[in-house]
Structure formats: C-alpha cells, structure tokens
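Asks: how does the following fold in three dimensions:
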Amino acid sequence: MRTGMGLAILTLTCAVSAQTRADAPAAPPPFSGNVQFMTNYVGRGLAQSLGQPSVEGEIDYNSGPGLYAGIDGNSINWIDQLWPGDSVDVEIDGWVGWRTLYDADWTTKFGVLRLQFPGRYVQQNPPTDQPNTTEVFGYVAWKGLSAQLNCSVTNEFATLDSKGSCYANLSASQSLGSDWSFTEHIGRRNETGHNPATGASNGINSYTDWKLAATYNLGYNMNLTLAHTWTNADPAGFTLNGYYVGGHHTWLLLEKDF
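Replies: Numbering: from 1, shown residues only. The predicted model follows:
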C-alpha cells in the first residue's frame, strides 16, 4: 500500500515537473545579430559615409545578464577624404562587457570598446596616427530612458594628445502600440589635449549633437527608421571636400534582426 502510494506520488511529481518545464519560456539563443542598410551612416552626429549609402552587419553574444560581447562592421568614406592616399573603407567595432538586469525596468552595462579602421595607410605630412581608438564605457537605462559615457584610453580618432576624451549621450524612446516608436537623443563630445605642433586646443573638435527618429515595425523582425541629425560642430574642422559632416542629415535605415 505504501509502495503503491509512493509510486503514485513519484508519478505525479514527475508529471508536474515535466509540465513546469514545458510551460517555462525557452532560453534565448546565445547569439543574435542584425544587418542594416542606410542611406547615410551617421555616428555620434557625424556623417561617416559622407552622404553615401552604407551597409552594416552585427553579431552579439548573450542578450541577457552577465558577460556579453559583440562585433560589427560599417562601410565608411571619411578617412580617404581626410587623408589623401589612404584606402580605408570599413569601420569594425568590437566590445566586451558585463550587463546587469535588476528587474524589468533597470539595466546597467560597463565594458571596453575597440574601434578599428583596417586598410591601407600612407605616410602623411605632418605625420598623424591611424584613427584606431579604444574606449571604456558605462551605461544605465530605466524604462525608455538611457545614458551612456564613453571615454578614450588611447588617442581618439587620430587626434594627437587626445587620450581621455569623452562622448556622453542621453536617449529617450516611446512606443505607440506594436508598430511605431519614437526616439530622441542628445550627445556631447568633449576632446581634451593640445596639438603638439601648434599648441592649439583640441577642444575645437568638441560639439553637441541631436537626433530625432521614428521607427516602424515591418514584421518578420524588420524595422524601418527615418532619422534626422544635426550638430553644432565647427564647419571649418568638419567639412570634407565641401561636405559638412556635422550638418543636418535626414536618412533612412532598414534593419533585419536575426
């Protein structure tokens, strides 16, 4: 009798456990990513592709809490225009960090970001660094609000004596139903140091940028974004071959997530 009761209890326990496992949500896959097609690649308020179409691909590891990492690549045009003779057509960014999810509303992240610009470089006169840059960053988000601070631990984007320069940004997003969302962004770049040759302050490269964007969910893990960006960057230092990279830019972005 006791044996029969024990078997019945064991059978019921196994059935409940199996049902619990069946009802539990499946763990997200360890890898995710996206591809993007842009009519203009604008990063930190500056038109990195100089008004030309750009393509991006990204792969991420771990979308949840704990250790995470990722790598992406974008097609660019600005380096070849800034330094004649160079042939650099892509920016590759890699990052690794730690993410904490406190509840459904709060997220924090910190980590290291490397921005690499592979290609062919020629000797410039006067000499200059390659634009490869390493940054540390911290990020906090609450519901639709987020703030991030990136600070360089190397010279920043080929600017001599610019170690310790920072870029800070604040963003807010609102969802209207399941199809539409809106984003507002303000960023501030603060460049430190002085030009070793002229003594001029690198602060002339500092600026504030703004962005407004509307995103529509197309379904099938696809989104279409219309964005407008602008900055107060000094046109004298941010114009390449007559194109003001820090000016007003309106562009489209089509993203496919996987």
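Asks: could you pull out the helices in the stretch 51-200 of the chain for me?
Replies: 78-82 (DSSP state H, counting those that start in this stretch).
Asks: shaky segments in it?
Replies: Scanning the stretch 51-200 of the chain for pLDDT under 70 picks out nothing.
Asks: could you redo the last one with a cut-off of 90?
Replies: 84, 103-104, 123-129, 176-178, 196-198 (pLDDT under 90).
Asks: I figured residue 133 hits residue 154, correct?
Replies: Yes. Counting by Cβ atoms under 8 Å, residue 154 is a contact partner of residue 133 at 5.8 Å. To be clear about C-beta, it is placed using only N, CA and C from the backbone, and glycine gets the same treatment.
Asks: so for these two, which sits in the more crowded spot?
Replies: residue 133 (24 against 16; other Cβ atoms under 10 Å).
Asks: tell me the contacts of the nearest residue to that one once chain neighbours are set aside?
Replies: In space, and not counting its chain neighbours, residue 133 is closest to residue 115: 4.6 Å by Cβ to Cβ, 6 or more residues apart in numbering. Counting by Cβ atoms under 8 Å, 6 or more residues apart in numbering, residue 115 makes contact with 91-93, 131-135, 157.
Asks: need those residues in CSV with distance to residue 232, can you?
Replies: Shown next, in CSV, are the contacts of residue 115 (distance: Cβ to Cβ, whole Å):
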residue, distance to residue 232
91, 24
92, 29
93, 25
131, 22
132, 27
133, 22
134, 27
135, 22
157, 18
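Asks: partners of the helix or strand that residue 252 is a member of, with directions?
Replies: Element membership for residue 252 (DSSP states H and E) is strand 249-257. Its sheet considered, strand 249-257 pairs with strand 31-38 (antiparallel), strand 222-231 (antiparallel) by DSSP bridges.
Asks: buried stuff in it?
Replies: 249, 251, 253, 255 (16 or more other Cβ atoms under 10 Å).
Asks: still on that earlier bit, let me know the closest of the contacts of residue 115 to residue 188.
Replies: residue 135 (14.8 Å; Cβ to Cβ).
Asks: okay, and the beta partners of that closest one?
Replies: residue 113, residue 152.
Asks: residue 222 against residue 256, yeah?
Replies: Yes. Between residue 222 and residue 256 there is a contact under Cβ under 8 Å: 5.1 Å.
Asks: rewinding a little: just how off-centre is the strand holding residue 252 within its chain?
Replies: 14 Å (Cα atoms, centre = their mean, to the nearest Å).
Asks: please apply the same query to stretch 113-122.
Replies: Worked out by Cα atoms, centre = their mean, stretch 113-122 lies 17 Å from the chain centre.
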